[in-house]
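[1] Below are the sequence and a predicted model; questions follow.
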Amino acid sequence: MQLYYAPRTISVAVAIVLEEAGLDYEAISLDFAGGEQTRPAYKQINPKGRVPALVVDGGILTETGALLDYIAAVAPQAGLVPDDPLMAARMRELMYYLASTVHVNHAHRLRGPRWADKKSSWKDMKEKVPQTMTACCEYIVSNGLRGPFVLGETFSLADAYLYVVCSWLEGDGVDVSAFPKIIAFRDTIEARASVKAVRAAGML
Ligand SMILES: N[C@@H](CCC(=O)N[C@@H](CS)C(=O)NCC(=O)O)C(=O)O
């Protein structure tokens with residue numbers, strides 16, 4: 001497999017899960033500062049101009065949640081999705097929330113031109129990010145993160161996803177000290193060999 005990624009982006013969740021699954025992969029870093037994700041060569045890989053993209057036997061996959069589910073399915077021995085349907089749905093409940101709400105709120109800090117043309121609108125959107133991301137943290141600690149892992153005692157796909165999102169919080173202006181459960185969660189995930197491996201590779 002080949003993983004197209006950029007350091008510290010959501011694509012790193014895919015690298016963490018590939019490590020957890022014990023699968024071989026080649027990590028290909030894109031130069032976001034140089035706009036490599038917007039160039040025609042990369043748009044042939046992912047027409048959306050985003051990371052991650054994962055080249056697998058049979059095609060190219062995009063969307064973080066879909067990639068994580070694919071990896072879990074091809075490496076069932078890693079036990080990354082719970083067998084219990086309700087717990088599996090709980091895991092995806094948080095993953096869909098991260099994709100559809102939290103990541104989108106975060107993107108308002110740097111990607112204002114996606115939604116508005118006026119610079120004053122970008123400034124307004126950016127200023128709102130600490131508030132929206134703090135509200136997301138409040139929801140997550142009350143309803144999404146059981147502790148120590150998302151689902152309680154067992155690591156699952158949602159932990160890798162949430163971990164990368166939580167690595168953005170200081171940059172998004174969230175007072176993380178107000179969320180000791182998130183600090184404890186980050187410490188728990190940080191200690192995993194998978195995270196140490198991607199950090200050593202310069203992805204985090
Ligand atoms: N819904 C997509 C979002 C992917 C996404 O927006 N990735 C960001 C990095 S965190 C990106 O590639 N941004 C590049 C850009 O906006 O130009 C997913 O979950 O995979």
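    Happy to help now that I have it.

[2] Contacts only, for the closest residue to Val150 other than its chain neighbours.
    Nearest residue to Val150, sequence neighbours excluded (Cβ to Cβ, 6 or more residues apart in numbering): Ala158, at 4.2 Å. Placement of C-beta: from N, CA and C, glycine included. For Ala158, the contacting residues are Met91, Arg92, Leu94, Met95, Leu98, Val150, Leu151, by Cβ atoms under 8 Å, 6 or more residues apart in numbering.

[3] same check, this time on Asp83
    Neighbour list for Asp83: empty [criterion: Cβ under 8 Å, 6+ apart].

[4] For it, grab phi and psi.
    Main-chain dihedrals, Asp83, degrees, to the nearest 10: phi -70, psi -30.

[5] Give me the neighbour count for the closest residue to Gly65 other than its chain neighbours.
    Once flanking residues are discounted, Gly65 sits nearest to Met95: 4.8 Å by Cβ to Cβ, 6+ apart. Neighbourhood size, Met95 [other Cβ atoms under 10 Å]: 23.

[6] how about the helix or strand containing Met95, does it reach the ligand?
    Using DSSP states H and E, Met95 falls within helix 85-97. No - judged by Cβ under 6 Å from any ligand atom, helix 85-97 makes no contact with the ligand; its nearest approach is 9.2 Å.

[7] Glu36 versus the residue nearest to Val150, what's the distance?
    29 Å (Cβ to Cβ, to the nearest Å).

[8] what's the answer for Pro52, then?
    Distance, Pro52 to Glu36, by Cβ to Cβ: 14 Å.

[9] Could you do Ala88 as well?
    Distance, Ala88 to Glu36, using Cβ to Cβ: 35 Å.

[10] how many neighbours does the closest residue to Pro148 other than its chain neighbours have?
    Using Cβ to Cβ, 6+ apart and skipping the chain neighbours, the partner closest in space to Pro148 is Thr188 (4.7 Å). Look at Thr188: counted by other Cβ under 10 Å, it has 16 neighbours.

[11] and the host helix or strand of Thr188, how far out from the chain's middle?
    Taking DSSP H and E as the criterion, Thr188 maps to helix 180-190. The chain centroid and the centroid of helix 180-190 are separated by 15 Å under Cα atoms, centre = their mean, to the nearest Å.

[12] Could you give me the buried positions within the following helix or strand past it?
    Sequence-wise, the next helix or strand downstream of helix 180-190 (DSSP H and E) is helix 193-200. By neighbour count on 16 or more other Cβ atoms under 10 Å, the buried set for helix 193-200 is Ser194, Val195, Val198.

[13] Between those residues, which sits nearest Val176?
    Closest approach to Val176 among these (Cβ to Cβ): Val195, at 17.5 Å.

[14] List the contacts of that closest one.
    Ile16, Glu19, Tyr163, Ile189, Leu204 are the contacts of Val195 under Cβ under 8 Å, 6+ apart.

[15] distance of it from Ile183?
    15 Å.

[16] Over to Val12?
    The gap separating Val12 from Ile183 is 19 Å, by Cβ to Cβ.
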